[in-house]
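# Show me how the following folds:
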Amino acid sequence: MTRPFLRTLLALASLTGAATAASEPPLSALTLVGPPIVVFKAGRDACDGADVPDASARAYRDASGAVALFGMHYRSRALRGPSLDALKLDCAVVLDSGEKSDPALYDDRSWITATWTQDGKTIAALLHHEYQANEHPGRCRSKVYLECWYNTVVAAASTDGGRRFVRATPPVVVAGAPFRQEVDQGRHRGFFNPSNIFGDGRWRYMFASTTGWDLEGSDQAAGVCLFRTDDPADPARWRAWTGIGFTAAFPDPYTGKVAHPATCKPVAPFPTPVGAVVRHRASGAWIAVFMAKKAGDFPESGFYWTSSRDLLTWDRPRLLLAGTTLYDDPCGARDGLIAYPSLLDPAATGRNFDDTGDTALLTYVTLRTEGCAITSDRDLLRRPLAIKVWP
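Purely as a prediction, here's the structure:
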């Protein structure tokens with residue numbers, strides 16, 4: 001998410017490999033039907049230098065019916081407006097990052113990456129938290145970001161419709177490695193980049209990525225795991241799919257040694273974080289979007305979609321928008337990069353925009369490059385698309 005984090009994404013893409021086809025023929029078809037429209041331009045609309053789109057867009061309707069959309073940097077602000085078509089950045093910071101050196105506090109750098117609300121007033125949030133040990137003297141023997149990265153999904157909440165978020169006290173770990181940050185860890189570790197939260201009956205779901213780990217009696221494969229809860233307001237209730245049931249919990253290793261570390265079973269065909277999942281209202285099918293670089297089952301770099309009936313078995317990904325992504329080498333990317341796809345239907349019936357009709361908006365970020373450097377010159381775009389799902 002910061003520039004070092006982009007390099008982490010590149011490494012993860014190589015680590016997890018290519019997609020695996022699950023079923024044929026495809027369950028759905030997504031087609032772009034209009035040009036991109038700029039929602040936010042950093043050089044034009046920012047409140048300060050921290051304002052750049054840096055995550056997949058998440059939106060909900062508050063108690064008044066107004067829309068709040070998150071997807072900015074680690075000094076979190078929201079875009080607000082009467083609808084998805086009329087959003088403007090609110091300069092009030094709703095959650096700041098403490099950049100604290102103690103990893104047990106989970107307050108180094110945090111991004112609001114998922115939200116859920118029942119009433120538009122009380123908002124549960126999942127934070128992508130990065131402990132960047134290379135920035136804290138004595139915390140990492142290396143100065144290379146990827147060798148010091150320790151990432152955790154933690155909880156925050158708002159009681160005023162999202163005007164202010166507060167981290168749980170003491171911190172509540174939703175998804176984390178079963179070991180503490182280590183001075184000589186040598187590689188990036190943990191859980192990160194939760195998808196949006198989406199609902200099915202009494203259950204709420206989200207995907208989160210992990211780089212995996214090797215421990216005696218607990219070998220976690222890298223990939224994307226599916227989590228479920230019956231109450232997002234109680235973040236301790238999230239559990240991950242193990243291949244048998246939703247029973248894997250990943251508690252805070254700083255509150256005591258994790259005696260019997262759990263593992264989750266990664267869900268194919270996702271090689272990298274899931275940008276968003278929505279449910280097609282007419283058919284009940286799930287549709288997910290994500291980005292991937294050219295490799296294996298991905299013939300081109302860009303945004304892909306896949307569909308499912310049960311959230312566990314997905315059909316073969318299809319290309320939605322070709323382009324150089326964060327997983328590609330930025331050197332020579334003359335047209336810049338594309339990143340952080342999401343799907344939002346302005347006519348969603350749910351308060352959390354987790355459902356869609358036959359049309360929706362692909363939202364995503366473009367990042368300009370200078371030589372091999374990824375800059376903070378970024379735009380948040382939306383582009384209309386048509387959706388068809390077969391019975």
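# pLDDT at residue 231, what is it?
For residue 231, the model assigns a pLDDT of 98.
# Buried ones in stretch 202-216, by neighbour count?
204, 205, 206, 207, 208, 209, 210, 211, 212, 213 (16 or more other CB atoms under 10 Å). For every residue, glycine as well, the C-beta is placed using N, CA and C.
# Could you measure from the closest residue to the last one other than its chain neighbours over to residue 153?
With CB to CB, 6 or more residues apart in numbering as the measure, residue 220 is the residue that lies nearest to residue 213, at 5.0 Å, once sequence neighbours are left out. The spacing between residue 220 and residue 153, counted by CB to CB, to the nearest Å, is 14 Å.
# swap in residue 108?
14 Å.
# So between residue 220 and residue 153, which is more surrounded?
Taking other CB atoms under 10 Å, residue 220 and residue 153 do not tie; residue 153 has more neighbours (29 against 23).
# wait, is that one part of a strand?
Yes: the assignment for residue 153 by DSSP: H, G, I helix; E, B strand; the rest coil puts it in a strand.
# Residue 190 bridge partners, please.
Here residue 190 sits in beta bridges with residue 151, going by DSSP bridges.
# my guess is it meets residue 148, correct?
No: contact criterion CB atoms under 8 Å: residue 190 and residue 148 do not qualify, at 11.7 Å.
# sorry, back to before: okay, the buried residues of stretch 202-216 in TSV with pLDDT and secondary structure next?
As requested, the buried residues of stretch 202-216 are exported to TSV (pLDDT from 0 to 100; DSSP: H, G, I helix; E, B strand; the rest coil):
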residue	pLDDT	secondary structure
204	98	strand
205	98	strand
206	98	strand
207	98	strand
208	98	strand
209	97	strand
210	97	strand
211	94	coil
212	95	coil
213	94	strand
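# burial count for residue 137?
The burial count for residue 137: 8, using other CB under 10 Å.
# What does the pLDDT read for it?
Looking at residue 137, its pLDDT stands at 94.
# Assign the closest residue to it other than its chain neighbours to helix, strand or coil.
Of all residues not flanking residue 137 in the chain, residue 101 sits nearest, at 8.0 Å (CB to CB, 6+ apart). Put simply, residue 101 is coil when judged by three-state DSSP.
# Ok, residue 92 next?
coil.
# Return the distance of it relative to residue 189.
34 Å.
# Look at those two and report which has more neighbours.
residue 189 (22 against 11).
# can you pull the contacts of the more buried one?
By CB atoms under 8 Å, 6 or more residues apart in numbering, the residues touching residue 189 are 149, 150, 151, 177, 211, 213.
# rewinding a little: can you pull the contacts of the residue nearest to residue 213?
210, 212, 213, 214, 261, 263, 264.
# again, only using 6 Å
212, 213, 263 (CB atoms under 6 Å, 6 or more residues apart in numbering).
# Residue 238: which of the residues you listed is nearest?
Of all those, the one with the least separation from residue 238 (CB to CB) is residue 263, at 15.0 Å.
# Number of residues surrounding that closest one?
21.
# Spatially nearest residue to it, not counting backbone neighbours?
residue 220 (4.6 Å).
# same question, residue 30
Distances taken as CB to CB, 6+ apart place residue 305 nearest to residue 30, at 5.0 Å, with adjacent residues excluded.
# so what's the one you found scoring on pLDDT?
pLDDT, residue 305: 98.
# contacting residues around the helix or strand that it is a member of?
Per DSSP states H and E, residue 305 falls inside strand 302-308. If you take CB under 6 Å, 6+ apart as the criterion, strand 302-308 is touched by 27-28, 30, 285-292, 314-315, 317, 319-323, 341.
# In the protein, where is pLDDT below threshold?
1-25 (pLDDT under 70).
# residue boundaries of the helices in it?
Secondary structure of the chain (DSSP state H): helices at 3-16, 42-45.
# burial count for residue 245?
Counted with other CB under 10 Å, residue 245 comes out at 10.
# From residue 264, how far off is it?
On the measure of CB to CB, residue 245 and residue 264 end up 11 Å apart.
# just residue 297 next, same as before
Distance from residue 297 to residue 264, by CB to CB: 22 Å.
# Pick out whichever of the two has more residues nearby.
Taking neighbours as other CB under 10 Å, residue 297 and residue 264 compare with residue 264 leading, 27 against 15.
# what sits against that one?
The neighbourhood of residue 264, defined by CB under 6 Å, 6+ apart, consists of 225, 240, 241, 248.
# swap in residue 287?
Applying CB under 6 Å, 6+ apart, the residues near residue 287 are 28, 278, 307.
# Take those and lay them out in a markdown table including neighbour count and distance to residue 254.
Output for the contacts of residue 287, formatted as a markdown table (neighbours: other CB atoms under 10 Å; distance: CB to CB, whole Å):
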| residue | neighbour count | distance to residue 254 |
| --- | --- | --- |
| 28 | 19 | 43 |
| 278 | 25 | 35 |
| 307 | 25 | 39 |
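# Can you tell me which of those is nearest residue 329?
residue 307 (30.2 Å).
# can you count the residues close to the closest residue to residue 241 other than its chain neighbours?
Residue nearest to residue 241 in three dimensions, not counting chain neighbours: residue 226, with 4.5 Å by CB to CB, 6+ apart. Using other CB under 10 Å, the number of residues around residue 226 comes to 22.
# and residue 226, what are its bridge partners?
Beta-bridge partners recorded for residue 226 (DSSP bridges): residue 207.
# quick one on the thing from earlier: and the contacts of strand 302-308, which of them are buried?
27-28, 30, 285-292, 314-315, 317, 320-321, 323, 341.
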